[in-house]
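Enquirer: show me the folded form of this:
(2 chains)
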Amino acid sequence: MIWFMLFAALIVVVVGSMSFEQDTQAYRRLSQKLKNSTQNASRDAAVFIDLDKYGDGLYVFDYREGILSAKKSLQDSLNLDSNMKSKDDGYWKVPLEFEVYFYDDSLFCRKYVDGDLDEITPFNYPVDYIDSTTGYSSKVVAPTVFVKVVAPDYQFRFVSEELLTVSRVSSSEMVDRR
Amino acid sequence: MVLFLVLMSQNTNDRIVSAQIADFNRVVLEDSVQQARHDGYFTSENINSTRSEIARLCKVNEGDVIINVTTTPKYRGDVFSEYERIEYEFTIPLNNIIAVAGFWGIDSDSNSVPYTIRGSVESELLMP
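Expert: Coordinates of the predicted model:
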């Protein structure tokens, strides 16, 4: 009997640790997928610039076009609908949130949340960008776009009932302006 | 004891599959797509080198790598347009999902799933 109980306990421990391991791998893949998506989205948002300002020697982003492009990039790479929820009964049942920060020669940082202007803050180069959620930090010394994605409701099995939030940030900087 | 060994080998299998997915993601998203962004589309050289690199790293046949991408030039515009984006879709088969499949009576065809990476990016190619 003791051997049977030991064996059953061993199986429970092994299955539990395997589930945790698989969840960890899935979490890592999800996090990397978000990272790749934000990298492409930030680079897409930085493609569009205000040509009139550029003619005056200033590098100022075209915020409206940049937001449209970043949103489209995230939707396509993460298979999201126009409400930023998964298509086809996919993983995310609630909308993903996304934030875009434009730092440029207008010397105002524009923060957009889910595509809408949320905050305008004056700054001067160099300035530190620090993300409060992930701890990601970067010194802004040239026109830069940051894209952050917040994916809610990630759950580890057997470990916690609490739903986790996965969040990643990437930036695209105009390096030749350094 | 057999069950214990089967479970442990499944754990090893999962790590191998995760490594395959990570390599696949890296080759497609960090190399091939960024090159396409620079070129304005997926050139045949880009497609061929990506196919062989995926096959080498992910241990699949080159013929099993399905690539469906934009092959005509797209240009960087002043305004956003969905039609001027470079689209991509890469698929590979992930084989041996279940370890020691014979033990569970699973044949090799059923033990394989397709894994796809798709998306779109802006072109950085200037209009000639």
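
Enquirer: and chain A, which residues reach chain B?
Expert: Proximity of chain A to chain B, by CB under 8 Å from any CB of the partner chain, involves residues A:10-11, A:14-15, A:18, A:21-22, A:25, A:28-29, A:32-33, A:36-37, A:39-40, A:43-44, A:47-48, A:51, A:62, A:65, A:68-69, A:72-73, A:76-77, A:79. No exception for glycine: its C-beta is placed from N, CA and C like everyone else's.

Enquirer: are any of those residues buried, and if so which?
Expert: Burial by neighbour count, judged by 16 or more other CB atoms under 10 Å in any protein chain shown, picks out A:14, A:22, A:25, A:32-33, A:36-37, A:39-40, A:43-44, A:47-48, A:62, A:65, A:68-69, A:72-73, A:76-77 from those.

Enquirer: please spell out which residues along stretch B:113-128 are buried.
Expert: B:115, B:117-125.

Enquirer: does that stretch come close to chain A?
Expert: Yes. Counting by CB under 8 Å from any CB, chain A is contacted by stretch B:113-128 at B:118-122, B:124.

Enquirer: can you show me the strands along the chain?
Expert: You didn't pick a chain, so chain A it is. A:97-103, A:108-113, A:116-122, A:127-130, A:137-140, A:144-154, A:164-173 (DSSP state E).

Enquirer: hmm, I had chain B in mind actually
Expert: Using DSSP E, strands in chain B cover B:66-69, B:85-95, B:112-122.

Enquirer: export only the CA atoms of the shortest one, formatted as CSV.
Expert: Right, the one you point to is strand B:66-69. In CSV, the C-alpha atoms belonging to strand B:66-69 read as follows (Å, rounded to 0.1, in the frame of the first residue of the first chain):
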residue,chain,number,x,y,z
ILE,B,66,4.7,26.8,-46.9
ILE,B,67,5.4,30.5,-47.7
ASN,B,68,2.7,32.9,-48.9
VAL,B,69,4.1,36.4,-49.0
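
Enquirer: which strands and helices lie in contact with it?
Expert: helix B:44-58, strand B:85-95 (3 or more CB pairs under 8 Å, 6 or more residues apart in numbering or on different chains; DSSP states H and E).

Enquirer: using CSV, write out every CA atom in the shortest one.
Expert: To tie it back to what came earlier, the one meant is strand B:85-95. Listed next in CSV are the C-alpha coordinates belonging to strand B:85-95 (Å, rounded to 0.1, in the frame of the first residue of the first chain):
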residue,chain,number,x,y,z
ARG,B,85,1.6,46.8,-46.7
ILE,B,86,3.8,43.8,-47.2
GLU,B,87,1.9,40.7,-46.1
TYR,B,88,3.5,37.4,-45.0
GLU,B,89,2.4,34.0,-43.9
PHE,B,90,4.9,31.2,-43.1
THR,B,91,3.8,27.7,-42.0
ILE,B,92,5.8,24.7,-40.8
PRO,B,93,4.7,21.3,-39.5
LEU,B,94,5.5,20.7,-35.9
ASN,B,95,6.1,16.9,-35.7
